[in-house]
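**Q** coords please:
(chains A and B)
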Amino acid sequence: AQSVAQPEDQVNVAEGNPLTVKCTYSVSGNPYLFWYVQYPNRGLQFLLKYITGDNLVKGSYGFEAEFNKSQTSFHLKKPSALVSDSALYFCAVRDASGTYKYIFGTGTRLKVLA
Amino acid sequence: DGGITQSPKYLFRKEGQNVTLSCEQNLNHDAMYWYRQDPGQGLRLIYYSQIVNDFQKGDIAEGYSVSREKKESFPLTVTSAQKNPTAFYLCATRLSGDTQYFGPGTRLTVL
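**A** Below is the predicted model:
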């Protein structure tokens, strides 16, 4: 069965420090991986995706993610965190059945401290 | 949130009542989705539709129903059979690629 795991419920980081939000996946075939961000009482916003190609994917707002096939991970990173990055982050994977269904992780709350 | 409108933003329902959540899009996207969000559980798929007049059950369809009579609209009805409907409901669309676009959500509370 396909699945996505976000092992940390919350990540705290000081402003200006690098941040990492972890995601591991289990999927048959080639993975289609995504990161979304959600601000309070809002819908999700797309950050970036990995379909194929370079393992380092760059996305919106200075975020990037590193695809690691051997570790089945797709961690979200940013070199220098901003207080405004504080939000809920979701990792997702496309279902491999070809139905265009998406499986979301449980989310990681990022708190950037001033 | 782009061209996806969800209404109302807040909805209160008495036990035993059916309620309908609206989702309208002007993005001309073929695919539409309904997700339910509960704290600590992420997003769970209720129903999805790839084209007009066609839709499929997601992982938690019991107690919910949908229709897709127009490309722009994908309303979700929460029926009295859904025993724990209090949640945040998100509608999303998808064009030809894999990126989903989400509406602002509707928060449903059962009184």
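
**Q** Which residue would be the closest one in chain A to chain B?
**A** In chain A, no residue comes nearer to chain B than A:Gly43, which is 3.4 Å away by Cβ to the nearest Cβ. C-beta here means a position set from N, CA and C on the backbone, and glycine is covered the same way.

**Q** Can you tell me the closest non-neighbouring residue to that residue?
**A** Nearest residue to A:Gly43 in three dimensions, chain neighbours excluded: B:Phe102, at 3.4 Å (Cβ to Cβ, 6 or more residues apart in numbering or on different chains).

**Q** Look through chain B and state the residue closest to chain A.
**A** Closest point on chain B to chain A, by Cβ to the nearest Cβ, is B:Phe102, at 3.4 Å.

**Q** And the longest strand along chain B, how far out from the chain middle?
**A** Counting residues, the longest strand found in chain B (DSSP state E) is strand B:42-51. Strand B:42-51 sits 7 Å away from the centroid of its parent chain (Cα atoms, centre = their mean, to the nearest Å).

**Q** Parallel or antiparallel, list what pairs with it.
**A** As defined by DSSP bridges, the strand partners of strand B:42-51 come to strand B:31-38 (antiparallel), strand B:54-57 (antiparallel).

**Q** part of a helix, is A:Lys61?
**A** To be clear, residue A:61 is Tyr; Lys isn't right here. Yes: A:Tyr61: assigned to a helix according to DSSP: H, G, I helix; E, B strand; the rest coil.

**Q** How many residues are close by it?
**A** For A:Tyr61, the neighbour count with other Cβ atoms under 10 Å in any protein chain shown is 12.

**Q** likewise the one 3 residues further on?
**A** Burial of A:Glu64 is recorded as 16 neighbouring residues (other Cβ under 10 Å).

**Q** ok, and the closest non-adjacent residue to it?
**A** Nearest non-adjacent residue to A:Glu64, counting by Cβ to Cβ, 6+ apart: A:Lys58, 4.8 Å away.

**Q** The one you found contacts A:Leu76, correct?
**A** No: using Cβ atoms under 8 Å, A:Lys58 is not in contact with A:Leu76, being 11.5 Å away.

**Q** which residues are common contacts for those two?
**A** A:Glu64 (Cβ atoms under 8 Å, 6 or more residues apart in numbering or on different chains).

**Q** which parts of chain B sit against chain A?
**A** B:1, B:4, B:6, B:31, B:33, B:35, B:40-45, B:48, B:50, B:56, B:58, B:90, B:92, B:94, B:98-105, B:107 (Cβ under 8 Å from any Cβ of the partner chain).

**Q** and those, which are buried?
**A** B:4, B:6, B:31, B:33, B:35, B:42-45, B:48, B:58, B:90, B:92, B:94, B:98, B:100-105 (16 or more other Cβ atoms under 10 Å in any protein chain shown).

**Q** Thanks a lot, catch you later.
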